[in-house]
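> starting from these lines, generate the structure:
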Amino acid sequence: MRKAYKFRLYPTKEQQGRIQFTVERCRLLYNRLLDERRVAYETAQTTLNYYDQANTFNERKSHIPALKQVHSQVLQDVAKRLDKAFQAFFRRVKAGEKPGYPRFKSIGRYDSFTYPQGGYWLNGSKLKLSKIGDVKIKL
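Residues are numbered from 1 along each chain as shown. Have a look, this model is predicted:
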(Lines give C-alpha, C1' and ligand atoms only; values in the text may rest on other atoms or scores of the structure.)
Protein backbone atom coordinates (compact mmCIF):
# COMPACT_ATOMS: atom_id res chain seq x y z
CA MET A 1 0.00 0.00 0.00
CA ARG A 2 1.34 3.42 -0.97
CA LYS A 3 1.12 6.32 1.37
CA ALA A 4 1.56 9.93 0.42
CA TYR A 5 2.15 12.78 2.78
CA LYS A 6 1.58 16.45 2.07
CA PHE A 7 3.70 19.10 3.70
CA ARG A 8 3.60 22.85 3.25
CA LEU A 9 6.61 24.37 1.50
CA TYR A 10 7.79 27.92 2.06
CA PRO A 11 9.93 28.75 -0.98
CA THR A 12 11.65 32.07 -1.52
CA LYS A 13 10.75 34.19 -4.56
CA GLU A 14 13.72 32.78 -6.47
CA GLN A 15 12.73 29.20 -5.60
CA GLN A 16 9.13 29.90 -6.60
CA GLY A 17 10.44 30.99 -9.98
CA ARG A 18 12.48 27.79 -10.35
CA ILE A 19 9.50 25.65 -9.33
CA GLN A 20 7.27 27.42 -11.86
CA PHE A 21 10.02 27.03 -14.49
CA THR A 22 10.18 23.28 -13.77
CA VAL A 23 6.39 22.88 -13.94
CA GLU A 24 6.27 24.79 -17.22
CA ARG A 25 9.05 22.70 -18.80
CA CYS A 26 7.26 19.51 -17.67
CA ARG A 27 3.99 20.74 -19.17
CA LEU A 28 5.62 21.62 -22.48
CA LEU A 29 7.41 18.25 -22.58
CA TYR A 30 4.14 16.42 -21.85
CA ASN A 31 2.41 18.23 -24.71
CA ARG A 32 5.31 17.56 -27.09
CA LEU A 33 5.40 13.85 -26.21
CA LEU A 34 1.62 13.62 -26.65
CA ASP A 35 1.86 15.29 -30.04
CA GLU A 36 4.65 12.90 -31.11
CA ARG A 37 2.49 9.91 -30.22
CA ARG A 38 -0.47 11.36 -32.09
CA VAL A 39 1.59 12.18 -35.20
CA ALA A 40 3.36 8.78 -35.18
CA TYR A 41 0.02 7.01 -35.19
CA GLU A 42 -1.58 9.24 -37.83
CA THR A 43 1.35 9.16 -40.25
CA ALA A 44 3.03 5.78 -39.82
CA GLN A 45 0.36 3.81 -37.93
CA THR A 46 2.94 3.06 -35.22
CA THR A 47 2.65 3.52 -31.51
CA LEU A 48 5.30 4.99 -29.27
CA ASN A 49 5.72 3.83 -25.70
CA TYR A 50 7.51 5.17 -22.63
CA TYR A 51 10.89 3.67 -23.55
CA ASP A 52 10.82 5.01 -27.12
CA GLN A 53 10.26 8.51 -25.83
CA ALA A 54 12.45 8.38 -22.70
CA ASN A 55 15.44 7.29 -24.79
CA THR A 56 15.29 10.60 -26.67
CA PHE A 57 15.80 12.82 -23.61
CA ASN A 58 19.58 13.16 -24.04
CA GLU A 59 19.12 14.36 -27.60
CA ARG A 60 16.29 16.68 -26.52
CA LYS A 61 18.53 18.25 -23.90
CA SER A 62 21.12 19.08 -26.54
CA HIS A 63 18.49 20.83 -28.69
CA ILE A 64 16.50 22.40 -25.84
CA PRO A 65 18.97 23.74 -23.23
CA ALA A 66 16.16 24.62 -20.79
CA LEU A 67 15.58 20.90 -20.18
CA LYS A 68 19.06 20.66 -18.64
CA GLN A 69 17.79 22.81 -15.76
CA VAL A 70 15.22 20.16 -14.79
CA HIS A 71 16.21 17.02 -12.88
CA SER A 72 16.36 13.99 -15.21
CA GLN A 73 14.03 11.80 -13.14
CA VAL A 74 11.42 14.56 -13.16
CA LEU A 75 11.51 14.46 -16.96
CA GLN A 76 11.27 10.67 -16.96
CA ASP A 77 8.22 10.90 -14.72
CA VAL A 78 6.53 13.19 -17.26
CA ALA A 79 6.89 10.43 -19.86
CA LYS A 80 5.59 7.86 -17.36
CA ARG A 81 2.59 10.09 -16.59
CA LEU A 82 1.75 10.27 -20.30
CA ASP A 83 2.23 6.53 -20.74
CA LYS A 84 -0.11 5.91 -17.81
CA ALA A 85 -2.74 8.16 -19.43
CA PHE A 86 -2.51 6.15 -22.66
CA GLN A 87 -2.73 2.83 -20.82
CA ALA A 88 -5.90 4.04 -19.11
CA PHE A 89 -7.24 5.25 -22.48
CA PHE A 90 -6.68 1.86 -24.14
CA ARG A 91 -8.11 0.03 -21.12
CA ARG A 92 -11.32 2.10 -21.41
CA VAL A 93 -11.48 1.48 -25.18
CA LYS A 94 -11.13 -2.27 -24.63
CA ALA A 95 -13.79 -2.25 -21.91
CA GLY A 96 -16.23 -0.42 -24.19
CA GLU A 97 -16.41 2.65 -21.97
CA LYS A 98 -16.23 6.24 -23.16
CA PRO A 99 -12.45 6.39 -23.74
CA GLY A 100 -11.45 10.05 -23.35
CA TYR A 101 -8.23 10.58 -25.33
CA PRO A 102 -5.39 12.12 -23.24
CA ARG A 103 -5.55 15.92 -23.32
CA PHE A 104 -3.00 18.52 -24.13
CA LYS A 105 -2.30 20.37 -20.90
CA SER A 106 -2.88 24.08 -20.64
CA ILE A 107 -1.27 26.20 -17.95
CA GLY A 108 -3.99 25.50 -15.40
CA ARG A 109 -4.12 21.75 -16.04
CA TYR A 110 -0.52 20.79 -15.25
CA ASP A 111 0.58 21.94 -11.83
CA SER A 112 2.88 19.37 -10.25
CA PHE A 113 6.04 17.37 -10.75
CA THR A 114 7.50 14.31 -9.05
CA TYR A 115 10.93 13.18 -7.93
CA PRO A 116 10.27 9.41 -8.12
CA GLN A 117 13.51 7.99 -6.68
CA GLY A 118 16.08 10.62 -5.89
CA GLY A 119 16.97 14.25 -6.28
CA TYR A 120 15.56 15.30 -2.93
CA TRP A 121 16.83 15.16 0.66
CA LEU A 122 15.25 16.11 3.93
CA ASN A 123 17.64 18.04 6.17
CA GLY A 124 15.95 19.18 9.37
CA SER A 125 13.37 21.80 8.42
CA LYS A 126 14.70 22.11 4.85
CA LEU A 127 13.86 20.03 1.81
CA LYS A 128 16.69 20.02 -0.72
CA LEU A 129 15.27 19.67 -4.22
CA SER A 130 17.79 19.02 -6.97
CA LYS A 131 18.16 21.99 -9.36
CA ILE A 132 15.81 24.10 -7.17
CA GLY A 133 17.58 24.47 -3.84
CA ASP A 134 16.86 24.22 -0.09
CA VAL A 135 13.18 24.93 0.47
CA LYS A 136 11.85 25.58 3.94
CA ILE A 137 9.29 22.98 4.99
CA LYS A 138 6.98 22.66 7.97
CA LEU A 139 6.81 19.04 9.16
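
> lowest average confidence, helix or strand, in the protein?
strand 120-123 (a mean of 91; mean pLDDT, DSSP states H and E).

> what's in contact with it?
Here strand 120-123 makes contact (Cβ atoms under 8 Å, 6 or more residues apart in numbering) with 127-130, 134, 137. For the C-beta atoms, the positions are set from N, CA and C on the backbone; glycine is no exception.

> sort out which of those residues are buried, if you could.
Among those, those classed as buried by 16 or more other Cβ atoms under 10 Å are 127, 129, 134, 137.

> quick one: end-to-end distance for stretch 102-122.
34 Å (Cα to Cα, to the nearest Å).

> let me know the closest of the buried ones among the contacts of strand 120-123 to K6.
Within the buried ones among the contacts of strand 120-123, distances to K6 taken as Cβ to Cβ reach their minimum at I137, with 10.9 Å.

> now the host helix or strand of the closest one: how far from the chain's centre is it?
Following DSSP states H and E, the helix or strand that holds I137 is strand 133-138. Strand 133-138 has its C-alpha centroid displaced from the chain centroid by 21 Å (Cα atoms, centre = their mean, to the nearest Å).

> return the list of helices and strands in contact with that strand.
Packing contacts for strand 133-138, counted by 3 or more Cβ pairs under 8 Å, 6 or more residues apart in numbering; DSSP states H and E, involve strand 8-10, helix 13-44, strand 126-129.

> F89 is nearest to which of those?
For the helices and strands packed on strand 133-138, the distance to F89 is smallest for helix 13-44, at 10.6 Å, taking Cβ to Cβ.

> what bits of the chain have low per-residue confidence?
Applying pLDDT under 70 to the chain picks out no residues at all.

> spatially central residue in it, please.
Nearest to the mean C-alpha position of the chain, counting by Cα atoms, centre = their mean, stands V78 at 2.6 Å.

> re earlier: I'd like the distance from the least confident helix or strand of the chain to the chain centre, please.
Here the centre of mass of C-alpha atoms in strand 120-123, compared against the chain's by Cα atoms, centre = their mean, lies 20 Å away.
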